[in-house]
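K.L.:
here you go, sequence then predicted model.
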Amino acid sequence: MSIRTRITASIVTLLGIALLAGCESGPQVKNEAPAPQTVAAAPKEAAKPKLPPLPKGTSVITTEEVKALVDKGPEAGNYLMFDSRPASRFHAGTIPTSLMLPSGEMEKLDKEGKAHPMLGPDKNKLLVFWCGGPTCPFSLKAGELAVKYGYTNVKIYSGGDPAWTKAELPFVSSPKFVKDDNILLLDLRSPDKFAAGHIPRALNLPAADLDKYKEENWPSFKGAPIVFYSDNQADIDKALELMRDYGLSKATYFPGGVERWQKLGNPVEAGAKPAPAKLTFVRKLNPQDITPADFNKLLNDPNVVILDVRADAERTGGSFKGALHIPFEQLATRYSEIPKDKQVIVHCATGIRSSIAYETLKAKGFTNIKVLNANVKFEGGVHKITE
């Protein structure tokens, strides 16, 4: 548990005691504040979304069980774990030991009557599928197809990346992400090791200096993709805990560091490149992406259609007022309901399905589409967007 989490828990406990004391003598005050105009009203105590059923022949695996497998590794644990999300999500940050296998790739081969070769020949080996949380359909579809082709030990990590994040467990980035994407890459080793050879684009921030970097020394954009690497896992763990304390939610690490980088045939650079006192990140949006701030400005624009591709059950907590609702799975057959003479902004719960929906609509001839590539959560009709 991070330092900030422990402090917050203590404060909440103290506040709870104070509130209980106040309830004995103080008057009750009824909160009659109306729901924001841009959000469809929902019951004060909205029912939790009904989760989609597990495919027949599969079962759930918990965060604790997944962590135990990861600690053992695929060989000792005798398992294969698959990230069913789109490739871009895998590269940016996946659960350690996961293999990239988007559910769409399995569906393509299923149309040919074939199982995906990555599942392997052992039909009794434990196969674990996961994606973007309890309402994400991709791991469910992947598990269903695995059972269809005779695999007998199939589990769904339905908590997915939200549960892994909540448990304060680390994500790893791929070599492709480290090489090609817009990231802040930090080498936690000593200056002499860094100078002898480091991954190109990296800055040297020795783990011993981490305590000198306060929250204001890090990028102001909390969604900045920060990737650490080192030859000491304890240093990486320390850096990731610091990032959680500072709310930098997209921090990951590159396992294996320089040694693995070189084994993969990649070059290294020599020389010093110390990290500056103020670390910066220049955000570069994809052409189709829209920021949460710009999205909020357009919520009441009559020339904009907000397309909600979440499942029916996900909307019990609330939805954007006037949004057009077409569940992701129905988009390929119901796209004609979407007007082409207005700007369309697609959203889901995590940005995964909305990004795929963008590609689907683009292929259908839509040209004025934006994607809210962010986490969208409704509670009692009030929305919260985080990156």
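P.N.:
Ah, there it is.

K.L.:
where's residue 197 relative to residue 102, distance?
P.N.:
Applying CB to CB, to the nearest Å, the value for residue 197 to residue 102 is 34 Å. No exception for glycine: its C-beta is placed from N, CA and C like everyone else's.

K.L.:
these two: which is more packed in?
P.N.:
Using other CB atoms under 10 Å, the more surrounded residue of residue 197 and residue 102 is residue 102, with 21 against 15.

K.L.:
can you pull the phi/psi pair for the more buried one?
P.N.:
The phi and psi values for residue 102, taken as degrees, to the nearest 10, are phi -60, psi 140.

K.L.:
so how far is residue 60 from the closest residue to it other than its chain neighbours?
P.N.:
Of all residues not flanking residue 102 in the chain, residue 86 sits nearest, at 5.5 Å (CB to CB, 6 or more residues apart in numbering). Using CB to CB, residue 86 is found at 23 Å from residue 60.

K.L.:
for residue 226, same thing?
P.N.:
Counting by CB to CB - residue 226 and residue 60 are separated by 32 Å.

K.L.:
which one's more surrounded, residue 86 and residue 60?
P.N.:
Legend: neighbour count by other CB under 10 Å for residue 86 and residue 60, higher for residue 86 (20 against 12).

K.L.:
would you confirm that that one contacts residue 357?
P.N.:
No. The criterion here is CB atoms under 8 Å, and residue 86 misses it with residue 357 at 11.4 Å.

K.L.:
show me where this protein has its helices.
P.N.:
3-25, 63-72, 74-77, 87-92, 103-110, 138-148, 160-166, 175-180, 191-196, 233-245, 257-263, 292-298, 331-334, 352-363 (DSSP state H).

K.L.:
keeping just the C-alphas, turn the third one into CSV.
P.N.:
Taking only C-alpha atoms (Å, rounded to 0.1, in the frame of the first residue of the first chain), the coordinates of helix 74-77 have been written out as CSV:
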residue,chain,number,x,y,z
PRO,A,74,4.5,-19.4,-16.7
GLU,A,75,6.8,-22.4,-16.5
ALA,A,76,6.6,-23.1,-12.7
GLY,A,77,2.9,-22.0,-12.6
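
K.L.:
please begin residue numbering at 8 from this point
P.N.:
Sure, I'll start numbering at 8, so the last one becomes helix 81-84.

K.L.:
average pLDDT across it?
P.N.:
The pLDDT scores in helix 81-84 average 98.

K.L.:
the fourth one too?
P.N.:
In this model, helix 94-99 has a mean pLDDT of 93.
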